[in-house]
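# Structure for this input, please:
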Amino acid sequence: MVAPNARPSIELERQPLNGWAALTFVILWFIATVAFFISTLQAAENGSLPPPDIAQRMLAGMLMLGLGIFFCCGFFTLEPNEGRVLILFGKYKGTARQSGFHWANPLYARQRGAVPGSTPVATRVKIGSLSMAGSGLSQPKLKTKLSLRAHNFNSERLKVNDKRGNPVEIAAVIVWRVDDTAQAVFDVEDYESYVQVQSESAIRGIASEYAYDHAEADEVTLRGGGDVVAHALKQELTVRLAKAGVAVEDARLTHLAYAPEIAPAMLRRQQAEAVIAAREKIVLGAVSMVQMALEELQRKDVVQLDEERKAAMVSNLLVVLCGTEEAAPVINTGTLYT
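Alright, predicted model coming up:
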């Protein structure tokens with residue numbers, strides 16, 4: 001039986017009560033509670049009320065005091081680009097996004113526990129500047145207050161195979177932010193871990209779609225097609241992270257190199273290709289210079305050369321122009337045929 005697809009959550013923006021107005025109400029509530037206690041004590045001293053009524057008034061005063069303390073638990077603040085998901089007994093009530101001092105129902109959850117069956121994390125004990133892993137495992141406690149600011153994720157150097165099967169090392173930096181708080185909280189277990197895992201998976205996928213270098217004509221490579229590769233990586237991440245309500249601002253490669261086991265061989269190949277390319281330019285330049293020299297000699301009628309003398313002249317000029325060392329001149333006192 002195929003399980004039905006989960007419906008994505010939809011963010012509902014909600015405006016909580018003004019915190020200063022609520023604070024004024026709470027202060028007045030405590031003043032009224034104190035006045036109620038004082039009037040009850042005075043009535044008890046004067047004997048104007050029977051003992052049962054005094055006991056009821058004292059009980060009501062304690063209830064008023066408890067309610068005042070309960071109201072104090074509803075205050076919270078939001079900085080710019082922060083949001084709080086309002087959850088009441090497991091039910092989503094909305095998201096507060098406006099910065100400032102607010103008051104909401106004190107029964108709204110402050111933390112959201114991990115879903116039963118999720119992977120526990122190892123507890124860590126911090127002693128001074130040292131951090132040690134504990135022996136126990138605990139489920140992470142996730143806060144309902146989320147940061148809506150831009151985050152940077154620097155991936156580790158990943159070893160993957162490019163399009164031609166060459167092992168390469170690749171890393172990227174990804175700028176992301178939470179766009180939909182409801183999806184980030186309810187559609188994935190931990191959206192920060194989700195971003196990390198999906199980003200590394202996307203980087204591996206993009207690296208396998210392009211060759212590192214030396215591709216076919218007009219083919220995009222990882223080393224040469226920086227903007228194209230970055231755009232493709234951003235599109236891939238946008239699709240992958242949309243489920244978590246995360247928007248990708250930018251994605252760029254920060255490290256790209258051949259794997260150490262093939263780096264020396266690839267370096268020698270690059271050096272050989274550079275030498276060949278340089279030799280091609282030298283030969284083309286030398287041929288054009290020899291052709292120009294022969295044409296100038298013929299045009300100005302400096303000397304008459306037959307085919308054999310032209311071949312000898314071309315050979316000497318090419319040796320001089322294409323040689324890696326300086327040519328030593330040899331004075332010929334005879335003729336070409338003796």
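
# Assess the claim that residue 206 and residue 235 are in contact.
No - the pair residue 206 / residue 235 is not scored as a contact, 9.6 Å apart, by Cβ atoms under 8 Å. C-beta coordinates here come from the backbone N, C-alpha and C atoms, glycine included.

# Which residue of those two possesses the greater neighbour count?
residue 206 (23 against 14; other Cβ atoms under 10 Å).

# Please, which helix or strand holds the more buried one?
helix 191-207 (DSSP states H and E).

# just how off-centre is that helix within its chain?
9 Å (Cα atoms, centre = their mean, to the nearest Å).

# again, but for stretch 227-246
Per Cα atoms, centre = their mean, the centroid offset for stretch 227-246 relative to its chain is 10 Å.

# now swap in stretch 208-228 and tell me
So, by Cα atoms, centre = their mean, the centroid of stretch 208-228 is 22 Å from its chain's centroid.

# Equivalent analysis for stretch 80-91, please.
The answer for stretch 80-91 is 24 Å, by Cα atoms, centre = their mean.

# and what of stretch 64-79?
With Cα atoms, centre = their mean, you get 38 Å for stretch 64-79.

# and for that stretch, what are the contacting residues?
19, 22-23, 25-26, 29-30, 32-33, 36, 84, 96-106, 108, 145 (Cβ atoms under 8 Å, 6 or more residues apart in numbering).

# again, but for stretch 194-209
151, 153, 155-156, 158, 160-163, 168, 170-172, 174, 176, 188, 222, 229, 232-233, 236-237, 240-241, 244, 246.

# Give me the buried subset of the residues you listed.
Neighbour counting by 16 or more other Cβ atoms under 10 Å classes 153, 155, 158, 160, 162, 168, 170-172, 174, 176, 188, 222, 229, 232-233, 236-237, 240-241, 244, 246 among the contacts of stretch 194-209 as buried.

# Not counting its own residues, what contacts stretch 226-235?
172, 202-203, 206, 209-210, 220, 222, 248, 250-253.

# what about dumping the CA coordinates of it to CSV?
Taking C-alpha atoms only, stretch 226-235 is exported to CSV below (Å, rounded to 0.1, in the frame of the first residue of the first chain):
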residue,chain,number,x,y,z
GLY,A,226,31.8,29.4,-12.9
ASP,A,227,28.6,31.4,-13.4
VAL,A,228,26.8,28.6,-15.2
VAL,A,229,27.8,26.0,-12.6
ALA,A,230,26.8,28.3,-9.8
HIS,A,231,23.4,29.0,-11.3
ALA,A,232,22.8,25.2,-11.8
LEU,A,233,23.8,24.6,-8.2
LYS,A,234,21.4,27.3,-7.0
GLN,A,235,18.6,25.9,-9.0
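
# Show the buried residues in the contacts of stretch 64-79.
19, 22, 26, 29-30, 33, 36, 84, 96-97, 102-104, 108, 145.
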